[in-house]
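A predicted structure for the sequence below; I have some questions about it.
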Amino acid sequence: MSYANRGTAFESMLDFTNEIYDRNGRAVINKRPTPVKVTRSSGFKVLAGFFEKPSTVDYDGVSKGKAIAFEAKSVKSLTRFDINNMEKHQYEYLEKYHRQNGVAFLLVHFTKLRKTYLLQFETLRSYWLHSKEPNGRKSIPIDDFEMHAYEVPTTTVPVDYLSVVERVYAA
């Protein structure tokens, strides 16, 4: 799998999960498209283009009246998530969402471990800010995910993040 497509399998699992959530009336969560300016096309086929502006985050929507936004990352590392895998505009969007009392989080899928973790924005913020310090750690160790994040189970859907959201963000 190429570097560019490493998250495709994880995104496919999330897309399927979101379809089931929608079908069962649990949530309406959509994948956000990246804005692309097409410069050359042939019929319906895009031949050339560029990203107009940075996108926001991968997914957003609503469940039981709660606004939800999250970024989804897939990593091959067995030991850590490199914070530079997250773009500044993605972090800033989650921060704005959080400030509006939305449910904002990062989903990280460790492909070789076959584990997915939900990291709440408040925890992500701590790691993000520390990583910007001169000698700050630039990654989040897997041990920290095990202590400070929530493992997302596979249930009737491949990535049942709503079961974690409902438990952690209970009104």
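Received, thanks. No experiment lies behind these values; they were computed from the predicted model shown. Residues are numbered from 1 along each chain as shown.

what's the neighbour count on the residue nearest to Lys76 when sequence neighbours are not counted?
Spatial nearest neighbour of Lys76, excluding adjacent residues (C-beta to C-beta, 6 or more residues apart in numbering): Thr111 at 5.6 Å. (Each C-beta comes from the backbone N, C-alpha and C, glycine too.) Neighbour count for Thr111, taken as other C-beta atoms under 10 Å: 17.

Return the distance of Thr111 relative to Lys138.
20 Å (C-beta to C-beta, to the nearest Å).

And Arg80, by the same measure?
Using C-beta to C-beta, Arg80 is found at 9 Å from Lys138.

same question, Leu106
Leu106 is 15 Å from Lys138, by C-beta to C-beta.

Of these two, give the one with the bigger neighbour count.
Leu106 (27 against 13).

quick one, what contacts the more buried one?
Phe70, Glu71, Ala72, Lys73, Met86, Leu94, Leu118, Leu119, Phe121, Leu124 (C-beta atoms under 8 Å, 6 or more residues apart in numbering).

List buried residues within those residues.
Listed as buried from the contacts of Leu106 are Phe70, Glu71, Ala72, Lys73, Met86, Leu94, Leu118, Leu119, Phe121, Leu124; burial here means 16 or more other C-beta atoms under 10 Å.

could you say what helices and strands the strand ranked longest in the chain packs with?
Secondary structure of the chain read by DSSP state E shows that its longest strand is strand 66-75. Counting contacts by 3 or more C-beta pairs under 8 Å, 6 or more residues apart in numbering; DSSP states H and E, strand 66-75 is packed against helix 8-23, strand 59-63, strand 80-82, helix 88-99, strand 103-110, helix 161-168.
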